[in-house]
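> only geometry, no sequence info:
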Ligand SMILES: O=CN(O)C[C@@H](CC1CCCC1)C(=O)N1NCCC[C@H]1C(=O)Nc1ccccn1
Ligand code: NI
């Protein structure tokens, strides 16, 4: 099982690489890795398991964070209606997005960043994503709210981008044009 020791931290070069596309159909190994990434996220949200293995809670994980420079991500999170969504995706790609932006009112963190970096992290309010599921079937997702924000955070990891790259360096809380806080 994946634990925090498997998660590389800011400064590790893999976090700044553009990850390689996964060949479709995925190999058994790629499928096993992606399943283990979702298992980690679900474990990290389970109070007992997280305590037992000292896991930091997460709602998403990208393969580069476990030093695998491949375009694979897992997400396990609730949407604004309280509906739980699990995503295990190969080669996700944002194919369209809203002009409007949004951001988490308390900023963002990252399991690969041990310090708190305050500031507004502007994200597209809505995104349409094309990807392949765990079996290699093509799918299209239309996301808004937290799923949209989290998806963009994870796809950034596949392109070597960290959340704080989006924070205004001169004034981290400067209002962003056409961006509205989530909730
Ligand atoms: O690349 C993947 N990661 O680095 C794990 C990150 C991904 C999220 C950061 C912002 C959007 C996606 C993660 O889940 N966290 N980051 C560290 C703090 C805890 C946790 C978190 O933000 N939790 C959360 C947020 C909103 C609502 C409920 N829970
Ligand atoms: Ni992250």
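Now that the structure is in, tell me what you want to look at. It should be emphasised that the depicted structure is a prediction, and the values quoted were computed from it without experimental measurement. Ligands and ions are numbered 1, 2, ... in the order given.

> going forward, measure contacts between C-alpha atoms and count neighbours the same way
Noted.

> Tell me if I'm right that residue 101 and residue 127 touch.
No: using CA atoms under 8 Å, residue 101 is not in contact with residue 127, being 10.3 Å away.

> neighbour count winner among those two?
Each of residue 101 and residue 127 has its neighbours counted (other CA atoms under 10 Å); residue 127 has more, 24 against 20.

> Name the residues of the longest helix seen in the chain that come out as buried.
Under DSSP state H, the helix in the chain containing the largest number of residues is helix 28-44. Applying a neighbour-count criterion of 16 or more other CA atoms under 10 Å, one finds 30-31, 33-35, 37-38, 40-44 buried in helix 28-44.

> Figure out the helix or strand that residue 140 lives in.
strand 138-144 (DSSP states H and E).

> Mind checking if that strand is in reach of ligand 1?
No: residues of strand 138-144 contacting ligand 1 under CA under 6 Å from any ligand atom: none, with a closest distance of 12.4 Å.

> tell me how far the helix or strand just after that strand is from the chain's mean position?
Sequence order places helix 145-158 as the next helix or strand after strand 138-144, per DSSP H and E. Remark: helix 145-158 is offset 5 Å from the chain centroid, using CA atoms, centre = their mean, to the nearest Å.

> tell me what the helix or strand following helix 145-158 is packed against?
Next along the chain after helix 145-158, taking DSSP H and E as the criterion, comes strand 179-181. Judged by 3 or more CA pairs under 8 Å, 6 or more residues apart in numbering; DSSP states H and E, the packing partners of strand 179-181 are strand 101-103.

> what are the pairing partners of the strand it packs on, and which direction each?
Here strand 101-103 is paired, per DSSP bridges, with strand 123-124 (antiparallel), strand 179-181 (parallel).
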